[in-house]
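Enquirer: Provide a 3D model corresponding to the input given below.
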Amino acid sequence: MNSLAAADHLLIALQCEYMALEGLGQILKLVERLKTVGINSTLDVGGIVMTMFDIRTNLSRQVVEEVKKHLPDKIFATVIPALCA
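Expert: Just a heads-up that it's a prediction; the model follows:
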């Protein structure tokens, strides 16, 4: 909480998993709460980088598309793939 109070921008590394989307929603709510109560009115999400992307699964593609749909200006074009054995 202290780091968010002092930061200007937040970089979110988001795994391409369903539960990560739930966590993203919580993070976005927290950022808005910090702004509205006056703790850090300048805090903004600087960007979202998608990680653990597995091209073989529909879930990974769906998660990326969902983030693109709701936050198109925040998602980075580069996607970090999952290491597959």
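Enquirer: Show me what counts as buried in the strand or helix carrying residue 33.
Expert: According to DSSP states H and E, residue 33 maps onto helix 18-36. Buried residues in helix 18-36, defined by neighbour count with 16 or more other CB atoms under 10 Å: 20, 21, 24, 28, 31, 34. C-betas here are computed from N, CA, C, even on glycine.
Enquirer: Of these, which is the nearest to residue 9?
Expert: Closest approach to residue 9 among these (CB to CB): residue 31, at 10.3 Å.
Enquirer: which ones are touching that closest one?
Expert: 4, 10, 43, 44, 45 (CB atoms under 8 Å, 6 or more residues apart in numbering).
Enquirer: Looking at those, which are in strands?
Expert: Judged by DSSP state E, the contacts of residue 31 include 10, 44, 45 as members of strands.
Enquirer: Give me the helix or strand of this structure that scores worst on average pLDDT.
Expert: Here the helix or strand of the chain ranked lowest by mean pLDDT, DSSP states H and E is helix 2-6, holding a mean of 93.
Enquirer: Name the surrounding residues that touch it.
Expert: Here helix 2-6 has contacts from 10, 30, 31, 34, 39, 40, 43, using CB under 8 Å, 6+ apart.
Enquirer: picking that back up, which one of the contacts of residue 31 is nearest residue 68?
Expert: residue 45 (14.3 Å).
Enquirer: which residues does residue 79 contact?
Expert: 49, 50, 51, 53, 64.
Enquirer: now with 10 Å?
Expert: Applying CB atoms under 10 Å, 6 or more residues apart in numbering, one finds that residue 79 lies in contact with 16, 49, 50, 51, 52, 53, 55, 60, 64.
Enquirer: any chance of these in CSV, plus secondary structure and distance to residue 79?
Expert: CSV is the format used below for the contacts of residue 79 (DSSP: H, G, I helix; E, B strand; the rest coil; distance: CB to CB, whole Å):
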residue, secondary structure, distance to residue 79
16, coil, 8
49, strand, 8
50, strand, 5
51, strand, 8
52, strand, 10
53, strand, 5
55, coil, 9
60, helix, 9
64, helix, 7
